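Visitor: A structural model of the following input is requested.
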Amino acid sequence: MRKSVSWLPGNKGGMSSTRVFGVALDEVTRTRTPCGHDVPLLVQHIVQYIENHGRLDLEGLFLVNSNTERVDWLRQRYDSGEGVELEEDGDLPSAVSLLRLFLQELPEPLITMEIQTHLLHIHQDYSSEEAVYSSMKFLLQQLPQLSFS
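Guide: Coordinates of the predicted model:
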């Protein structure tokens, strides 16, 4: 299996005051993502680890709890720009928890409140599966490009 090491751009080997957790997605993407990518390196790194050690479509994957101390330690390493080797320092539950934590701590949700409200009402408003699918697709296309990526 490939060794997975994450160095956040601009921080290689050093400390930085720029965090990645709890920071607006556009800021993280602008300062901590290689040019040409819309998805923050932290997210790419964690998703790659999850894909290599589990399956993203595994039922209940995001309900798994992990060791809180390990997740806090890994979070601090990502926030300080240290190299994070999930192969050695993490496990599947901690990787999933890190991704969930990153998404939960975004100041603005990936799916805007307006779209969330519409998504919740779709099943009530439409009876056919095709109409639900079509409406969901339309709503998700209304997301800001950064959230859609």
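
Visitor: so after the helix or strand bottoming out on mean pLDDT in the chain, what's the next helix or strand?
Guide: Within the chain, no helix or strand scores below strand 5-6, which has a mean of 47 by mean pLDDT, DSSP states H and E. Downstream of strand 5-6, the next assigned helix or strand under DSSP states H and E is helix 25-31.

Visitor: in the helix or strand just after that following helix, what counts as buried?
Guide: Using DSSP H and E, the helix or strand that follows helix 25-31 in sequence is helix 41-53. Residues L41, L42, V43, H45, I46, Y49, I50, H53 are the ones in helix 41-53 that count as buried (16 or more other Cβ atoms under 10 Å). C-beta coordinates here come from the backbone N, C-alpha and C atoms, glycine included.

Visitor: now helix 41-53: how far from the chain's centre is it?
Guide: 9 Å (Cα atoms, centre = their mean, to the nearest Å).

Visitor: which residues belonging to the next helix or strand after that helix are considered buried?
Guide: As assigned by DSSP H and E, the chain's next helix or strand after helix 41-53 is helix 68-80. By 16+ other Cβ under 10 Å, the buried positions in helix 68-80 come out as R70, V71, L74, R75, R77, Y78, D79, S80.
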